[in-house]
Every structure is written in C-alpha cells, then in structure tokens.
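Enquirer: Pasted the sequence and its predicted model underneath.
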Amino acid sequence: MTTSQHPERPRPAAGDPLHGEAERSGVTQPPHAGHVVRARPEPGFEISVDGRPATAVPGQTLGAVLYANGIRSWRTTRIGGRPRGLFCGIGVCFDCLVTVNGEASLRACQTEALPGDEVTTG
C-alpha cells in the first residue's frame, strides 16, 4: 500500500488530551475525549449509615454511597455468615439489602440516596 491510499491521520499537539496514548495506538478519539462532562456536580449531602455519617452526591444509589465511603460488605448470609454487599449491581441478586428510614429489604443498588436517609445494614 502506498501513502496516498492511507493518508496520515492528524496528530494532536503536545499538551492536547489526545496526545500520547491515542497517538501511539493509532485510535482516533472524539473531540470531547479527555474532558469531564458536568465537572461541577450539585453539592453533596450526608446520610446516616448505622448511625455514622456518609457523604453522597445527588443521583447516587445507596450501594454507590456505601462503596464510595469504604463500606464493601454490610450483611451476612443466614447460613455460614459470609459477608455480602454489592454483587450484581443491577437488582437481580438481592445481596445488597438494606433498611432505609424503617423500610426493610430495599436493594441498595436500586435505591437512590436522599438527603437525611437513615440506612441500617446487617
């Protein structure tokens, strides 16, 4: 193949977010690659998890809040006492059950965190 059959792709300049890995791999990136979308989210808020504060941001599920706050498991199996937390993340497995504001057996991966929520695990 000759050069005329495969024109050279435009190369990003040094300092451009597309410079580097994309250039080495030959992958062309969309113009918005490397830019954060909605870089200024709404202010966060706190919820209570087993009496301790946990930071959340609007739109997060309770499972995401627990995980982001370093809580990886919050209940155990009835037989064997094995730890459980997020597993499937899509509401199929029921491993992430929590009690929210007194309402038991809610799936943390499917329940949106709201300001002032009181979450009980275990």
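Expert: Perfect, thanks for sending it.

Enquirer: Now do the SS call for Ala64.
Expert: helix (DSSP: H, G, I helix; E, B strand; the rest coil).

Enquirer: Run a quick neighbour tally on it.
Expert: Residues contacting Ala64 under the criterion other C-beta atoms under 10 Å number 18. Where C-beta positions appear, they are placed from N, C-alpha and C, glycine not excepted.

Enquirer: ok, now Pro83?
Expert: Neighbours around Pro83, by other C-beta under 10 Å: 11.

Enquirer: and this structure, what are its domains?
Expert: Under automatic domain parsing, the residue ranges defining each domain of the chain are 7-39, 45-120.

Enquirer: weakest of these in terms of mean pLDDT?
Expert: In terms of average pLDDT, domain 7-39 trails the rest of these, at a mean of 51.

Enquirer: in the chain, which spans are strands?
Expert: 45-49, 52-56, 73-76, 83-85, 97-100, 103-107, 118-120 (DSSP state E).

Enquirer: residues contacting Gly122?
Expert: Applying C-beta atoms under 8 Å, 6 or more residues apart in numbering to Gly122 gives the contacts 50, 74-76.

Enquirer: Most neighbours out of these, which is it?
Expert: Result: Trp74 is most packed of the contacts of Gly122 (other C-beta under 10 Å), 23 neighbours.

Enquirer: Need the nearest residue in space to it, chain neighbours excluded.
Expert: Closest residue in space to Trp74, ignoring its immediate chain neighbours: Thr121 at 3.5 Å, by C-beta to C-beta, 6 or more residues apart in numbering.

Enquirer: Cross-check the contact I'm expecting between the one you found and Asp50.
Expert: Yes: between Thr121 and Asp50 a contact is recorded at 5.7 Å, counting by C-beta atoms under 8 Å.

Enquirer: what's the neighbour count on Phe94?
Expert: Using other C-beta under 10 Å: Phe94 sits among 12 other residues.

Enquirer: who does the residue lying closest to it once chain neighbours are set aside bridge with?
Expert: Leaving aside its chain neighbours, Phe94 sits nearest to Arg107 (6.5 Å; criterion: C-beta to C-beta, 6+ apart). In this structure, Arg107 bridges to Leu97 when assessed by DSSP bridges.
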